[in-house]
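**Student:** Here is my input, please return the structure:
(one chain, ligands or ions: 1)
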Amino acid sequence: MLEKEIKLERLKEECKNCHKCELGKTRNNIVFSDGSTNAKIMLIGEAPGADEDKTGIPFVGRAGKLLTKLIEESNLSREKDFYIANTVKCRPPENRVPKDEEKKECEKYLLEQIKLIQPKVIVLCGATSAKSFLGEKIKISQIRGQWFKILDNIDATVIFHPSFLLRNHSEQEGSPRWLTKNDLKKIKEFILK
Ligand code: URA
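**Tutor:** Below is the predicted model:
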């Protein structure tokens with residue numbers, strides 16, 4: 001195993017034993033990551049839902065299936081091109097938005113994941129993830145599709161969260177799904193550069 005994988009495994013073990021916030025009491029599984037540790041794209045979501053809590057894998061429920069479909073329709077591979085993680089590694093009860101203290105306690109794991117993966121681009125998926133890196137004031141509908149530099153000069157962009165897209169079915173030009181497909185195409189172009 002490469003040093004990177006060993007360090008990620010160690011971090012995952014640490015996370016499994018983590019009880020630094022309330023979510024440690026109610027989770028069934030931590031949800032650490034999915035995809036390739038050599039991926040150029042790191043996608044960061046919000047937090048696990050019920051299906052993710054059950055399986056320990058991010059984005060496997062209804063929203064995750066839609067995300068996977070959109071990734072595939074953009075001729076990208078979820079397994080090869082993406083390393084997927086969440087802002088918070090344990091499921092918030094009733095799928096509520098993670099609290100500030102939960103995000104704060106969990107930040108260490110996410111930052112270490114980014115450091116080890118060294119992605120070419122970070123995709124901030126949805127408001128919770130975008131706010132963590134770009135500030136609480138941002139409005140997702142205003143900044144999706146824009147590109148930023150975050151942390152130590154890492155390129156990052158923002159896409160709608162697939163839960164939002166589940167409530168917006170239209171694929172017409174200008175619709176959230178149409179915009180997301182365009183955003184994913186731009187991300188593909190960027191990693192091929
Ligand atoms: N929503 C997220 O943000 N992450 C998941 O893993 C599942 C649903």
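
**Student:** Below-threshold pLDDT in this structure: ranges please.
**Tutor:** Scanning the chain for pLDDT under 70 picks out nothing.

**Student:** Give the bridge partners for the most centrally placed residue in it, please.
**Tutor:** Closest to where the C-alpha atoms of the chain average out (CA atoms, centre = their mean) is Ile44, at 1.8 Å. Following DSSP bridges, Ile44 is listed with bridge partners Ala85, Leu124.

**Student:** Secondary structure element holding Ala47?
**Tutor:** Using DSSP states H and E, Ala47 falls within no helix or strand.

**Student:** what's around the nearest residue to it once chain neighbours are set aside, how many residues?
**Tutor:** Leaving aside its chain neighbours, Ala47 sits nearest to Val88 (4.1 Å; criterion: CB to CB, 6 or more residues apart in numbering). Backbone N, C-alpha and C define where each C-beta goes, glycine included. Val88 has 26 neighbouring residues, counting by other CB atoms under 10 Å.

**Student:** Now do the strands in this protein.
**Tutor:** Shown for the chain, the strands assigned by DSSP state E span residues 34-35, 41-45, 82-86, 121-125, 147-150, 154-159.

**Student:** Check which helices and strands the fourth one sits against.
**Tutor:** Read that as strand 121-125. Applying 3 or more CB pairs under 8 Å, 6 or more residues apart in numbering; DSSP states H and E, one finds that strand 121-125 contacts strand 41-45, helix 127-134, strand 154-159, helix 176-192.

**Student:** how about the second one: buried residues?
**Tutor:** Neighbour-count burial for helix 127-134 flags Ala127, Thr128, Ser129, Ala130, Lys131, Ser132, Phe133, Leu134 (criterion: 16 or more other CB atoms under 10 Å).

**Student:** Nearest to the ligand, out of the strands of the chain?
**Tutor:** Ranking those by proximity to the ligand (CB to the nearest ligand atom) places strand 41-45 first, at 2.9 Å.

**Student:** what's the angle from the closest one to helix 176-192?
**Tutor:** 150 degrees (axes from the mean of the first three to the mean of the last three CA atoms, to 10 degrees).

**Student:** Pull the residues that contact strand 41-45.
**Tutor:** Residues from elsewhere that reach strand 41-45, judged by CB atoms under 8 Å, 6 or more residues apart in numbering: 58-59, 76, 81-87, 110, 113-114, 117, 119-126, 128-129, 132, 161, 187, 191.

**Student:** Could you do stretch 94-103 as well?
**Tutor:** For stretch 94-103, the external contacting residues (CB under 8 Å, 6+ apart) are 21-23, 46-47, 49-50, 87-88, 92, 106, 128, 132.
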